[in-house]
Structure formats: C-alpha cells, structure tokens
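Novice: build the 3D model from these lines:
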Amino acid sequence: MLQRIRDSAMTGLVILLSLAITSPGALAARPVPKPKAQGSFTDHLESFDAARWAKADGWKNGSPFDNAWRADHVSFAGGMTDLRLSNQASLGEPYSSGEYRTTGYYGYGCYEAGFRPVARHGVVSSFFTFAGPYDNGGNGRHNEIDFEFLGSDTTRVQLNFWTNDDTYASSNEVLVDLDFDAAAGFHAYAFKWSSTGIRWYVDGTLIHEAFDQASNPTPKAADSLHKIMMNLWPVDETAAGWAGTFVYPGEPLHALYDWVRYTAGEGCEVGAPPQPPEPGDPATMHVREITTSLDARGTQVIARVMVVDGLGQAVNGAAVSAGWSGVITGGDTSRTTDSTGLATFYSSRSRSPGTVTFCVTGITKSGLSYDDGANLETCEAITK
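Specialist: Residues are numbered from 1 along each chain as shown. Here you go, the predicted model:
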C-alpha cells in the first residue's frame, strides 16, 4: 500500500511537471505592474532628497562607458548638485563618476534643468529621461529622450530619442549649434514630450523638434513612463570617434546642476528658470513630499513621508502621525523620520480593489514646530 501511494504520488508529480512544461505560459512570470506616473515638481537641488532621487551606486554600464557609478561622486554644495568624475578605479573600470536619477517615473510633460556641462574631450554630460529592462517604466524596453553635451565641443549640444529600441537600431541624434559655450555658465535646457512628438528648447527658445511618425515613432507614455536622470561619464576607445579620446587631466571634473523642474501634462509650457526659494524658518518643519507604492502582491500600501525644516534640510527624529482611509483603514499610525528625513508607513493588507488614501495628521519634535500650512503635500492616494 505504501509503495502504491508513493507510485501514485510520483505519477501525479510527473503529470503536473509535464503540464507545466508543455502548457503555453504555464511558467510565465507574473507581469510587473506599470508604475504610477508622478506629478509636477520643482527641485533646487540644494540637498539630497531621498524621497525623489537616488544616487547610482555600485554598478557599471559597460562599454562605451569607461567608469563605475559611485554614490560618493554625487554631492551638494553652493546650493546645487555636483556630479564628479575622478580617476578612482572601481569594479574593474579606471574611473568613477556620478549619476542622479529619480526614484519615480514620469509621463508627458515639460522637463527642464539648469546646468553647466564639462568641457573635456571624451566626456559626456547629460540631462535625459530613460526607461528599460532595469528601470522598467511599463513595457521593459529601451525608451529615452536626451540632452547630451560632448566635452570635445560644448558650443553644440546633441539631441536624441529612442523608442522601444533595445537594439539601438534607430538613428535620431542631431547636433545643434549654440551661440555660446555651455561649459562657461549655466543655461536652461528643456524638452516637451507629448503624444505627437518632442520639442527641445535652450533658454526658452525652440531649437529642434521631432514629430511622431508611423515609420519612426517617438516614445509613448502608454508604452512606458520614464525616470528623470543626469550623469557625467568618460567614454572608452570604442566611442572616441563620437566624443573624443579621454585623457584624465590630473584632477576631478565637475558637472554642476542648479535646478530641475517637471510640469505634468501635454498642455505644459516651458517657462523661465525658477527663482531660488526664500530662506525659511529653521525652527519649523513641514512635509515636502509623500510617495505611495504597493507591495509585490498588491495587497499592502507603503507610504513614505519626507520631512524638512524651513531651510529645506532633512529632519531626523521627528515623530510623524498619520491615518488611512478608503478600502484600507488600518496600518501604521506613527513613525519616526530617519537621517534622510524619511518616515515609512505600512498599511494593513487587503485584497479588495479600490483607492487607499494616506494623510499626515501631525509631526512633533523637540525644538521644532510643525507648520502644516507649508506642506507641499498632506495626503496621497493610490489605487490598488
């Protein structure tokens, strides 16, 4: 009898394995849900905002990049973000440099930045949007819109885009002459991404546009949302014909970024550079941002609250109180911010579909007062 049970169990296992192998899609991975499109923002890049940005760290892209990415090569000084390129060897590469990227994804709208690129043969300074298999904004394919400065000639800028192009088969790059040397000072660079195409601007003036065509489509937000990114990197010998041959000058190189602005929607307009924020009261604190996401199963909401003082500096050790409503009403109601100013909350679990709303109800910390009127956000909703 025991042997018959064993034989029967083995037969059943063989049948199940056979079905799994022969049935189409039986072993297919569960589709990754498309991320939520983030809203408009202006960031003066004076300090690290971990709720919105991440520093690339501990990996490399491979050829034609001749560097590894290190978080310590992204720093903040003088009210701006500094991306550094040094001769620090890392991960088998001779150089290290910095890349700054959003944690969230963005759709149609106006993307703007004020920055100063590096003038050095073989160096690329950039401001762009990107999605792909590792930064998956929807379909997991390569989509990108670029401003790229080739350090061999910073009186010109290269514009480019890629649409669902994992093999880099398309060729949409164009070099545009400027009436100034971009490495000599700060200018405003912007592009407007819409369903009908892309328009690129410098200091508010249209310099190039690419129209969506059936034979050469521009990226679509319905296919994939994009991350906002900026980086500085040296090319290897395979790209010397494009960007020049890189020779390290003996000291680090610096690309400086003063501000970034995103205005959501196809009806957006490229505007004048934002004015620096007025100094606030360092004795007050408020919510700079709330971000929400779902866990892998889609049953639990994770809410992250960024608390800053009146000068925009992260507040550590602030007790944040909050509440939940909608299809989930339970979960964490009190968390304390960490050294980056983030407090992370977890809702109760529920399989019920619908909208969950998370609201901050108070913040306390000795020596600081909570100015709820200064909150950039107080509530955030997500649909599960």
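
Novice: so residue 238, which of the three states?
Specialist: Three-state call for residue 238 (DSSP: H, G, I helix; E, B strand; the rest coil): helix.

Novice: tell me the pLDDT of the closest residue to it other than its chain neighbours.
Specialist: Nearest non-adjacent residue to residue 238, counting by Cβ to Cβ, 6 or more residues apart in numbering: residue 64, 4.9 Å away. Heads up, the C-betas are built off the backbone N, CA and C, glycines and all. Looking at residue 64, its pLDDT reads 97.

Novice: touching, residue 64 and residue 234? I think so.
Specialist: No. Between residue 64 and residue 234 there is no contact under Cβ atoms under 8 Å: 9.3 Å.

Novice: neighbour count: the two, which is higher?
Specialist: residue 234 (30 against 16; other Cβ atoms under 10 Å).

Novice: separation between the closest residue to residue 341 other than its chain neighbours and residue 343?
Specialist: Nearest residue to residue 341, sequence neighbours excluded (Cβ to Cβ, 6+ apart): residue 314, at 3.0 Å. Distance, residue 314 to residue 343, using Cβ to Cβ, to the nearest Å: 11 Å.

Novice: which stretches of this protein form helices?
Specialist: 2-22, 240-243 (DSSP state H).

Novice: in terms of mean pLDDT, which of these ranks lowest?
Specialist: helix 2-22 (a mean of 34).

Novice: shared neighbours of residue 314 and residue 343, anything?
Specialist: 307, 337 (Cβ atoms under 8 Å, 6 or more residues apart in numbering).

Novice: tell me which of those two has more neighbours.
Specialist: In this view residue 314 and residue 343 are compared by other Cβ under 10 Å, and residue 343 has more residues nearby, 25 against 22.

Novice: ok, the more buried one touching residue 332?
Specialist: No. The pair residue 343 / residue 332 is not scored as a contact, 9.1 Å apart, by Cβ under 8 Å.

Novice: partners of residue 345 in the sheet?
Specialist: Beta-bridge pairing for residue 345 (DSSP bridges): residue 303.

Novice: next: residue 124.
Specialist: Beta bridges link residue 124 to residue 150, residue 233, judged by DSSP bridges.

Novice: how many residues are close by it?
Specialist: 28.

Novice: for it, give me its contacts.
Specialist: Applying Cβ under 8 Å, 6+ apart, the residues near residue 124 are 148, 149, 150, 151, 231, 232, 233, 234, 235, 243.
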